[in-house]
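Novice: test case, fold it:
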Amino acid sequence: MSNILTQLSIRELMSESVEYVIPMYQRNYAWGEAEITQLLQDVIDYMPSARRYHIGTLVVFARPEDGRVRYETIDGQQRLTTLSLLAAYLRRKKAAGVSWCTELCIRFESRPQSHKTFAAIFEGRFEHDPAELLAEQDTNAAILGGYRLLRKLLPKK
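Specialist: Predicted structure coming up:
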């Protein structure tokens, strides 16, 4: 068992060679406006600075699967999901400096609605809202709500 601590940037955390698996024992995504706003503000406050900022801990377990390593998310899923939604939003807006975000790096192991919602958001083939691409039974309302909150809050920041 390895107890290696590694400090990563958001870009390094979500590189194309990494996949995070959200296992069934993790609770559903539940962050609301207060948590999302605080995370956004933390990211924004340290963006222009060369200083590193500890945004929180992500605890994962490396598990080999299909010839590659996937990281089972043990702790930090709410933060990881929100950062992934942020990256997907910035990717859709073709924000400068987000060209590294080329692949969806989060997978919900036993929640197909969560995965389909995230895939629709990440692929960004919708005109106004990701719900345009999804049938109601394929939609995770909390993840869609998190994306909508980011879309609402970011222009104000």
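
Novice: which SSE is immediately downstream of the lengthiest helix in the chain?
Specialist: Using DSSP state H to define each element, the chain has its longest helix at helix 77-92. Note on helix 77-92: by DSSP states H and E, the next helix or strand toward the C-terminus is strand 106-108.

Novice: state the mean pLDDT of that next one.
Specialist: Averaging pLDDT along strand 106-108 yields 92.

Novice: what pairs with that strand, parallel or antiparallel?
Specialist: When pairs are called by DSSP bridges, strand 106-108 turns out to pair with strand 20-22 (parallel).

Novice: just for the protein, where's the confidence low?
Specialist: Residues of the chain that meet the criterion pLDDT under 70 lie in 1-2, 16, 48-51, 53, 95-97, 157.

Novice: ok, and the closest non-adjacent residue to Pro23?
Specialist: Distances taken as Cβ to Cβ, 6 or more residues apart in numbering place Glu109 nearest to Pro23, at 5.1 Å, with adjacent residues excluded. Backbone N, C-alpha and C define where each C-beta goes, glycine included.

Novice: hang on, that neighbour packs against Val21?
Specialist: Yes - using Cβ atoms under 8 Å, Glu109 makes contact with Val21 at a distance of 5.2 Å.

Novice: run the chain-centre distance for the longest helix of the chain.
Specialist: Distance of helix 77-92 from the chain centroid (Cα atoms, centre = their mean, to the nearest Å) equals 3 Å.
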